[in-house]
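Visitor: Return atomic coordinates for the entry below.
(3 chains)
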Amino acid sequence: MPELPEVEVVRQGLERHILQSKVVDVDVLNPRSIRRHIPGATDFAGRLRGRTLTAIRRRGKFLWLVLNDEDALLAHLGMSGQLLVQPGDAPDELHLRIRFRLADGRELRFVDQRTFGAMAISEGGAILPDELSHVAPDPFEAGYDAGAVVEDLRSRRTNVKRALLDQSLISGVGNIYADEALWEAKLHYARPTETLRRTEAHRVLDAVRGVMTAALAAGGTSFDALYVDVDGGSGYFARSLQAYGREGEPCTRCGTPIRRDRFMNRSSFTCPRCQPRPRRPHW
DNA sequence: GCTTGCGCCTGAATGC
DNA sequence: TGCATTCAGGCGCAAG
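Guide: Coordinates of the predicted model:
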């Protein structure tokens, strides 16, 4: 599942492989993958033909390829999206959605089994696409202000995990790293945000940055055949996970079996001892 | 204005 | 065995 570290691995891979490449043609094999590009596939391809990829940028889980220092090709990988750089004669992937033919004969390919991902052209989006105006800075950006995030977090009327997953508060965090950060900070996912002390809020935000830094160093988290890198390689952070996916296995801090709950229609993994459920408030 | 819940999507895994 | 159901989950939007 691509979260910030996996998207950053992809960004770095694109930077290594296709910076200054020229797009000569584009095939949209599934229009759903450009559903955010309202003018449609013909317009999409026309705006890319002849353009050069002059920079690869990222905020949170969003990625954009700058076109001649002006417009941008915006991408979100969703659940299962991959951006692969392949020789032109490589066989099509089963879930190939968009093909970008490059001038040197190689292809940039958007492959996405579940089609939750999407691409679009952002006019004038080189620095920061307008489409991302609602996406907060991620913890690795210069504009990230931990103190401001702490105050925003504590002003919300929700629980801490939902807040961490809210891209308008802090971007780049998905289900896996939210669970890992909460385990690290010894906080339960259902903890009401308004009851967080400043030190606790800082602790969980520091944990978010720490776990994502470690994941990036490991090349990201990969499960099964959902590859991460542009050449199809997998990251190996999955073996370092402390909570996510470890139901029934002992907590590495205290030995208590990790439990799995359904929460917000997704799985949440906690150590019941290190992360006790908050006491219900008195009504 | 803010918070919450749903639908989108495919394939693997599970249940009967 | 085979068909049906569940699960994975980020995002945008509608409803509350």
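Visitor: can you give me the helices in chain A?
Guide: With helices called from DSSP state H, chain A shows them at A:4-18, A:41-48, A:146-155, A:160-165, A:175-185, A:198-217.
Visitor: Say whether DNA strand B is contacted by stretch A:259-268.
Guide: Yes: counting by CB under 7 Å from any atom of the strand, DNA strand B is contacted by stretch A:259-268 at A:264, A:265. Heads up, the C-betas are built off the backbone N, CA and C, glycines and all.
Visitor: Would you tell me whether that stretch gets close to DNA strand C?
Guide: Yes: Stretch A:259-268 is in contact with DNA strand C by CB under 7 Å from any atom of the strand, via A:262, A:265, A:266, A:267.
Visitor: can you list these in a markdown table and add pLDDT?
Guide: Compiled in a markdown table, the residues of stretch A:259-268 next to DNA strand C are given as follows (pLDDT from 0 to 100):
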| residue | pLDDT |
| --- | --- |
| A:262 | 87 |
| A:265 | 82 |
| A:266 | 87 |
| A:267 | 91 |
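Visitor: Now rank those residues by neighbours and give me the top one.
Guide: Ranked by the number of neighbours (other CB atoms under 10 Å), the residues of stretch A:259-268 next to DNA strand C place residue A:267 first, at 15 neighbours.
Visitor: Could you measure from it over to residue A:171?
Guide: Separation of residue A:267 from residue A:171 (CB to CB, to the nearest Å): 22 Å.
Visitor: Kindly report the same for residue A:62.
Guide: As judged by CB to CB, residue A:62 and residue A:171 stand 8 Å apart.
Visitor: Kindly report the same for residue A:187.
Guide: 20 Å.
Visitor: distance between the helix or strand of chain A with the lowest mean pLDDT and the chain's centre?
Guide: Sorted by mean pLDDT, DSSP states H and E, the helices and strands of chain A end with strand A:259-263, the least confident at a mean of 90. Remark: strand A:259-263 is offset 22 Å from the chain centroid, using CA atoms, centre = their mean, to the nearest Å.
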